[in-house]
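Undergrad: Okay, here's the prediction I keep looking at, along with the sequence it came from:
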Amino acid sequence: MKQQLEQLRAAALAAIAQAGGMEDLENARVRFLGKKGELTAVLRQMGKLSPDERPAMGQLANEVRAVMEKAIDEARIELEAAALERKLKNEAVDVTVPGEKVTLGHKHPMYIALDEIKDIFVGMGFTVLDGPEVELAELNFDRLNAGEGHPSRDWSDTFYFKEDSSVMLRSQTSPMQVRAMDTLPLPIRMIAPGRVYRKDEVDATHSPMFHQVEGMVIDKNVTMADLKGTLNAVVEQLYGKGTQTRFRPHHFPFTEPSCEMDVQCHKCGGKGCPTCKGEGWIELLGAGMIHPHVLEMAGIDPNVWSGWAFGFGLERTAMRRFKIDDLRLIFENDVRFLEQF
Ligand code: DAH
């Protein structure tokens, strides 16, 4: 029996030493020390021993058990330490490695210009409105005095959704005037920037989708002088103090009288150059006093209220602001271009 116990001790120590992980170690413990383990099996044979032999064997068996338990405890501590070491190594962060550069996007020059424009108008008490790009022809045309047969309603100019031409991609932001009159309490001061759509081929100055900024004021005793004063103030803030403007008579169905406003060419100061095509002036926007019939159609009494409105192309304004010479650059979104602003 003594020999059996000593063999068992050697076998157990070997198995424990070989354990590569917690699972191996537990298997070894069950195999030697478990209830059905090998040591228990040997101890069961104690009864067969003579009373003289028993105490010595009992002592030896206890020693063997103690050695095994100690070896298992030590192996467990070692395995745990090794596992922790591995984990720390795997998760180690080298704080001296240079960080990866995060590439931030860049604000688009057109939106830089739009934010400036919004700031200027908000500072004068205007509200900024947003409206649908899919619009009723009724609001895009009829309610703006452009009835059946008006040339701008032609299928060759407009993206319609329905055979009966009742729903369309808005061709101007002017229907926002109607939406504002229908929903806001008077007096109104608003601008409404947004996308508009026309059947134009893409070239250096045209795109089937572009942006406009609509503006409108309705109040009592509002005159053309307020329109000119306001727009002059805006132009001076956008293009610098002393920038000259010029108002020319024009025609729009929804304003009467109507005008176009030009700014003096920033390149040549009015002498005439390729940028202004020799004119000295660059056309900036359309504007006018809101037609009394347009007010009437919105249920507003033109004998009590008057107003003015304007609309301009945002791309062209940004192009002039940043001296960009091709409209396509605005839409290509090449970061090498965008990063310059
Ligand atoms: N909607 C016009 C256009 O697309 C621009 C315009 C002209 C807007 C006169 C106005 C205005 O509000 O009063 O050409």
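TA: Good, I have the coordinates.
Undergrad: Checking the residue in the stretch 101-250 of the chain positioned nearest to the ligand next. Helix, strand or coil?
TA: The minimum distance from the stretch 101-250 of the chain to the ligand, using CB to the nearest ligand atom, falls at Gln172 (3.6 Å). From N, CA and C alone the C-beta is placed, and that goes for glycine too. Secondary structure state of Gln172, per DSSP: H, G, I helix; E, B strand; the rest coil, is coil.
Undergrad: As a check, name the ranges of all strands in this protein.
TA: Assigned by DSSP state E, the chain shows strands spanning 127-128, 134-136, 167-169, 188-197, 209-219, 245-252, 255-264, 281-290, 306-313.
Undergrad: can you pull out the helices in the stretch 101-250 of the chain?
TA: Per DSSP state H, counting those that start in this stretch, the stretch 101-250 of the chain carries helices over the ranges 109-123, 137-140, 175-183, 224-239.
Undergrad: wait, which of those is closest to Tyr160?
TA: Evaluated with CB to CB, these place helix 137-140 nearest to Tyr160, the distance being 7.6 Å.
Undergrad: ok so, going back, what about the closest residue to the residue of the stretch 101-250 of the chain closest to the ligand other than its chain neighbours, how many neighbours?
TA: Leaving aside its chain neighbours, Gln172 sits nearest to Val196 (5.5 Å; criterion: CB to CB, 6 or more residues apart in numbering). By other CB atoms under 10 Å, the residues close to Val196 number 23.
Undergrad: ok, now the one 5 residues further on?
TA: Residue crowding around Glu201 was assessed by other CB under 10 Å; the count is 7.
Undergrad: how near is it to Phe310?
TA: For Glu201, the distance to Phe310 equals 27 Å [CB to CB, to the nearest Å].
Undergrad: again with Glu256
TA: In terms of CB to CB, Glu256 sits 14 Å off from Phe310.
Undergrad: With Ile191 instead?
TA: 9 Å.
Undergrad: Same question for Thr223.
TA: Look at Thr223 and Phe310: by CB to CB, they are 14 Å apart.
Undergrad: These two - which one has more neighbours?
TA: More crowded of Thr223 and Phe310, by other CB under 10 Å: Phe310, with 24 against 11.
Undergrad: pLDDT score for that one?
TA: For Phe310, the model assigns a pLDDT of 98.
Undergrad: Can you tell me how far it is from Gly229?
TA: Distance, Phe310 to Gly229, by CB to CB: 13 Å.
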